[in-house]
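# quick one: sequence plus predicted model below, questions after.
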Amino acid sequence: QVQLVESGGGLVQPGGSLRLSCAAPESLFSITTKRWYRQAPGKQRELVAGISSGGSTNYNEDVEGRFTISGDNARNTVYLQMSSLKPDDTAVYYCNVVQRVVNSKGGIDEYEYWGQGTQVTVSS
C-alpha cells in the first residue's frame, strides 16, 4: 500500500506561517498531479491548491496570494507554504497525488493516493 508521509502542521497565531511537506515513495512513478486538500470540523473536504508535473498551479480563491504550492518531481515531494494564516484556515490538511499508468490495453489507468492528514490550528 502506498503511503504518503505528511509533516509540518501545528499551532500558529493569526498572521503566522507554516510549511507543510508531503513525500510519496520515490519508487512511485508517473505522478501527474499533486494537491493539498483540507477539511475543517463539520465541513466537506475542499481543494486548497494543486500543481501539475509541468509546474502549473491552481488555488482555492480563499488562499490565493497567501499560500504557495511547490513540488519536487525527482523526490516525489509536494510542499504548501502558508502565510498570513487566519483562524478560518484551521483544518486537517491532506496531500493527494495522482498517478497515471498505461495499462496492458494501451489505455490509461489513474490512481489516487492520500496522506494521513496533518492538523493546522490558527488561534491566538
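Thanks, I have it.
# quick one: residues in contact with the helix or strand harbouring Arg100.
In this assignment (DSSP states H and E), Arg100 forms part of strand 91-102. Outside strand 91-102, the residues that touch it by C-beta atoms under 8 Å, 6 or more residues apart in numbering are 4, 6, 9, 20, 22, 24, 28-40, 43, 45, 48, 76, 78, 80, 108-120. Using the backbone N, CA and C atoms, a C-beta is placed for each residue, glycine as well.
# Gly71 contacts Val78, doesn't it?
Yes: between Gly71 and Val78 a contact is recorded at 4.6 Å, counting by C-beta atoms under 8 Å.
# how much space between Val12 and Asp62?
Using C-beta to C-beta, to the nearest Å, Val12 is found at 17 Å from Asp62.
# CA atoms only for the strand holding Arg100, dumped as CSV, please.
Output in CSV follows, covering the C-alpha atoms of strand 91-102 (Å, rounded to 0.1, in the frame of the first residue of the first chain):
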residue,chain,number,x,y,z
ALA,A,91,-8.4,22.3,9.4
VAL,A,92,-6.8,18.9,8.8
TYR,A,93,-4.7,19.2,5.7
TYR,A,94,-4.3,16.2,3.4
CYS,A,95,-1.9,15.7,0.5
ASN,A,96,-3.0,13.8,-2.6
VAL,A,97,-1.1,12.6,-5.6
VAL,A,98,-2.5,11.2,-8.9
GLN,A,99,-0.6,8.5,-10.8
ARG,A,100,-1.4,7.8,-14.4
VAL,A,101,-0.2,4.5,-15.8
VAL,A,102,-0.5,3.0,-19.3
